[in-house]
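**Q** model this:
(one chain, ligands or ions: 1)
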Amino acid sequence: MSRLATTGEVLQLIRSGEALTRADIGRVTGLSRPAVALRVSELLGRGLIVEDAEGPSTGGRPPVRLRFDAAGGVVPVASLGASRTQIAVCDLAGDVLVRTDLDIDVEEGPEVVLPLLMDTWEKLLDGQAPVVGVGLGVPATVEFAAGRTESARVMASWTGVVIPPIIAERFPVPVLVDNDVNVIAMGEHRVVYASELDDLLFVKISTRIGAGVISGGSILRGALGAAGEIGHIPVRDGGGVLCRCGNLDCVDSVASGTAILRDLRAKGREVSTMADVTALVRAGDAETMAVVRQAGRWLGEVISGAVNLLNPSVVVLGGDIAEMFQPLVSGVREVIYQRSTQLATRSLRIERSTLGPGAGLTGCALMVLDHVLSADAVDAASGRPASFAGC
Ligand SMILES: [Zn+2]
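**A** Numbering: from 1, shown residues only. Below is the predicted model of the structure:
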């Protein structure tokens with residue numbers, strides 16, 4: 001480093017595992033011994049790191065190991081779904097400590113849903129402290145910087161709601177809100193793929209279709225946070241289906257869970273949930289397989305455009321697709337390999353989501369932790385009595 005490393009930067013080295021001892025920090029940063037000692041003692045004093053007495057012995061006195069203290073605080077998180085919401089408290093590594101699921105209809109609106117969420121967090125927290133930040137994933141387009149929901153047609157009662165100040169009244173810490181698919185993409189990438197690749201496209205196929213883009217290791221949000229809203233890209237030969245957005249043949253209107261159920265009912269199948277579709281796929285029902293595979297082809301059309309634009313290493317398919325994955329992915333593959341450029345598909349992998357719905361909770365926690373534990377945030381909070389920025 002060409003200038004003196006700050007306390008916040010030293011914390012990043014310890015969090016990432018690049019530096020495990022005071023000597024490591026000196027070597028990596030070029031800081032003098034007293035300067036290293038000063039920064040380390042500040043981090044110890046703020047409860048951000050702990051010392052482990054045992055280090056790798058090299059004959060003499062074993063060096064004291066420094067370790068980021070994942071138990072030094074907690075992050076209440078929630079992943080809101082249309083009818084089901086996952087609520088949890090995570091530690092500072094993003095791991096879920098305690099979790100509960102609630103059946104809440106998000107259309108009841110923020111004045112009902114948000115107090116219920118906060119009551120649940122308080123119960124789960126049960127005095128655990130300190131709370132360093134709060135993270136929320138919502139099934140709507142979100143203007144990320146403001147935490148404002150911007151979706152007029154889904155979650156109508158939430159349109160234009162600025163969520164962070166409402167939560168900060170009870171939890172006076174940084175509150176971060178993002179689109180549900182973005183937080184799932186972040187969780188899936190960090191936990192499953194971060195060590196091997198930096199570019200991932202996550203496509204959620206559920207009641208609606210959305211995508212989250214990890215580019216160069218970071219979430220791609222676009223100018224206001226609307227990147228990845230692929231659900232309303234039209235497909236060819238969709239048959240003229242009117243989408244809820246008012247356009248024809250959006251991929252959402254022909255290949256979402258809602259569309260698959262509608263198409264199967266039109267063919268005389270008695271299905272009311274995705275679990276019913278799963279059961280038919282498992283039983284090998286040919287007509288169901290054909291409908292799901294066609295949905296996969298339409299998805300493949302839109303995903304191939306995204307692959308040409310973004311060149312991801314892996315496309316991860318998630319959502320309520322459990323047993324549907326095989327017929328769906330064969331449809332997706334068929335079209336992607338026809339339509340995408342050879343270079344973009346040379347080593348492209350298409351995988352099923354590994355973490356499942358729990359990825360949203362971890363993603364929410366990571367979004368908060370990347371913010372409150374960033375070098376800038378840690379340095380900005382330096383000298384304040386509390387341990388964390390914003391507390
Ligand atoms: Zn549409």
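
**Q** residues from this structure in reach of the ion?
**A** Contact residues, the chain versus the ion (Cβ under 5 Å from the ion): 232, 243, 245, 247, 250. Heads up, the C-betas are built off the backbone N, CA and C, glycines and all.

**Q** most neighbours of all the residues you listed, which one?
**A** Using other Cβ atoms under 10 Å as the neighbour criterion, Cys250 leads those with 27 neighbours.

**Q** need the residues of the chain next to the ion in a markdown table with secondary structure, can you?
**A** Below are the residues of the chain next to the ion laid out as a markdown table (DSSP: H, G, I helix; E, B strand; the rest coil):
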| residue | secondary structure |
| --- | --- |
| His232 | helix |
| Cys243 | coil |
| Cys245 | coil |
| Asn247 | coil |
| Cys250 | strand |
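
**Q** using pLDDT, spot the least trustworthy of the residues you listed.
**A** When the residues of the chain next to the ion are compared by pLDDT, Cys245 scores lowest at 86.

**Q** for Leu369, see how far away that residue is.
**A** Look at Cys245 and Leu369: by Cβ to Cβ, to the nearest Å, they are 35 Å apart.

**Q** repeat for Glu143
**A** Look at Glu143 and Leu369: by Cβ to Cβ, they are 22 Å apart.

**Q** between the two, which is the more surrounded one?
**A** The residue with more neighbours, out of Glu143 and Leu369, is Leu369; 23 against 17, by other Cβ under 10 Å.

**Q** show the contacting residues for that one.
**A** Going by Cβ atoms under 8 Å, 6 or more residues apart in numbering, Leu369 touches 75, 92, 94, 132-133.

**Q** which of the helices or strands spans it?
**A** helix 359-372 (DSSP states H and E).

**Q** show me the helices in the stretch 251-391 of the chain, by range?
**A** Applying DSSP state H, counting those that start in this stretch to the stretch 251-391 of the chain gives helices spanning 251-255, 257-266, 274-282, 286-310, 325-339, 342-345, 359-372, 375-380.

**Q** looking at those, which one has the lowest mean pLDDT?
**A** Mean pLDDT, when computed for each of the helices of the stretch 251-391 of the chain, is lowest for helix 342-345, at a mean of 79.

**Q** now the residue nearest to Pro130 when sequence neighbours are not counted. Its backbone dihedrals?
**A** Spatially, and ignoring its direct neighbours in sequence, Pro130 is nearest to Gly73 (5.0 Å; Cβ to Cβ, 6 or more residues apart in numbering). Dihedral angles of Gly73 (phi, psi; degrees, to the nearest 10) stand at phi -180, psi 180.

**Q** what's the local residue count around Gly73?
**A** Gly73: 24 surrounding residues under other Cβ under 10 Å.

**Q** what about it, distance to Met289?
**A** 49 Å.

**Q** and the worst-scoring helix or strand of the chain on mean pLDDT, what's buried?
**A** Ranked by mean pLDDT, DSSP states H and E, the weakest helix or strand in the chain is helix 342-345, scoring a mean of 79. Neighbour counts over helix 342-345 (16 or more other Cβ atoms under 10 Å) mark 344-345 as buried.

**Q** give me the contact list for it.
**A** By Cβ under 8 Å, 6+ apart, helix 342-345 touches 307-308, 311, 336-337.

**Q** which pair of those spans the longest distance?
**A** Between any two of these, the greatest separation by Cβ to Cβ is 14.7 Å, found for Asn311 and Tyr337.

**Q** excluding its backbone neighbours, what's nearest Gly216?
**A** Asp198 is the one closest to Gly216 (Cβ to Cβ, 6+ apart), at 5.4 Å.

**Q** what about that neighbour, neighbour count?
**A** Neighbour number of Asp198 under other Cβ under 10 Å is 14.

**Q** who's in contact with it?
**A** 214-217, 313.

**Q** and what of Val142?
**A** Counting by Cβ under 8 Å, 6+ apart, Val142 has contacts 148-150, 177-179, 182, 225.

**Q** beta partners for it?
**A** Assessed by DSSP bridges, Val142 has beta-bridge partners Thr149.
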